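A.B. asks: Would you be able to build a 3D model of this:
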Amino acid sequence: MIKKILAAAGAAAIAVTGLTPAASAEVAAAPDCQHGSSYGIVVEKVNLTIGTTVIGRIDLCRDSGYQYWGFVLFNKPATASQYGQAAIVRYDQVAYFSDVDCDSPGGNQKVMPGQTRCWTPKYDGRAGRWNFAAVGYLTSSHTGDVLAAETTMIQR
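C.D. replies: All right, here's what the predicted structure looks like:
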């Protein structure tokens, strides 16, 4: 499913970047980068849109121990006919390796009707060979159609 979402979100546009500096305009503390009762640093964020309307955002997050996760936050609660999801994709340098989503052990389950956020389990990013991207999407629970999908650029 994630490979399908990546294709829908324009995965061909994903580019590998170097190490993210510890302090830059792109890396800022964000109270929205939640994982359980703690918060992390936003490494990369992208708005989720339907047409020209921003409906939320997907964040690639990191903590001080270089653990990475995906976090999706919608501007309004999902309706009775929608669910949202975040995933984190792990790359061995630039080749796809694996992914987990909010429904995986360590995540808090997908965004259900009336909810606005979910986070994935964490991936250990201390080994220099790993790169990460986060994917967020909103899906129709009736048709299975993806209503909105975006992915961050691959980051280390």
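
A.B. asks: Tell me which residues of the longest strand anywhere in the chain come out buried.
C.D. replies: Looking across the chain with DSSP state E, the single longest strand is strand 38-50. Burial within strand 38-50, assessed by neighbour count using 16 or more other C-beta atoms under 10 Å, is assigned to 39-46, 48. Quick note: C-beta positions are derived from backbone N, CA and C, even for glycine.

A.B. asks: who does the helix or strand just after it pair up with?
C.D. replies: With elements assigned by DSSP states H and E, the helix or strand that comes after strand 38-50 is strand 53-62. With DSSP bridges as the test, strand 53-62 is paired with strand 38-50 (antiparallel), strand 67-74 (antiparallel).

A.B. asks: wait, which of these is closest to Ala87?
C.D. replies: For the strands paired with strand 53-62, proximity to Ala87 was assessed by C-beta to C-beta; strand 67-74 is nearest, at 5.6 Å.

A.B. asks: ok, and what's touching the closest one?
C.D. replies: 32-35, 40, 43, 48, 55-62, 84-88, 101-102, 111, 116-125, 132, 134-138 (C-beta atoms under 8 Å, 6 or more residues apart in numbering).

A.B. asks: Out of these, which sit inside helices?
C.D. replies: Residues of the contacts of strand 67-74 located in helices (DSSP state H): none.

A.B. asks: what's the nearest residue to Tyr137 if we skip its chain neighbours?
C.D. replies: Spatial nearest neighbour of Tyr137, chain neighbours left out: Ala149 (3.9 Å); criterion: C-beta to C-beta, 6 or more residues apart in numbering.

A.B. asks: Look up how far Gly65 lies from that neighbour.
C.D. replies: When distance is defined by C-beta to C-beta, to the nearest Å, Ala149 is 29 Å away from Gly65.

A.B. asks: Mind checking which of the two has more residues around it?
C.D. replies: Ala149 (21 against 10; other C-beta atoms under 10 Å).

A.B. asks: Return the distance of that one relative to Ser38.
C.D. replies: For Ala149, the distance to Ser38 - C-beta to C-beta - is 27 Å.
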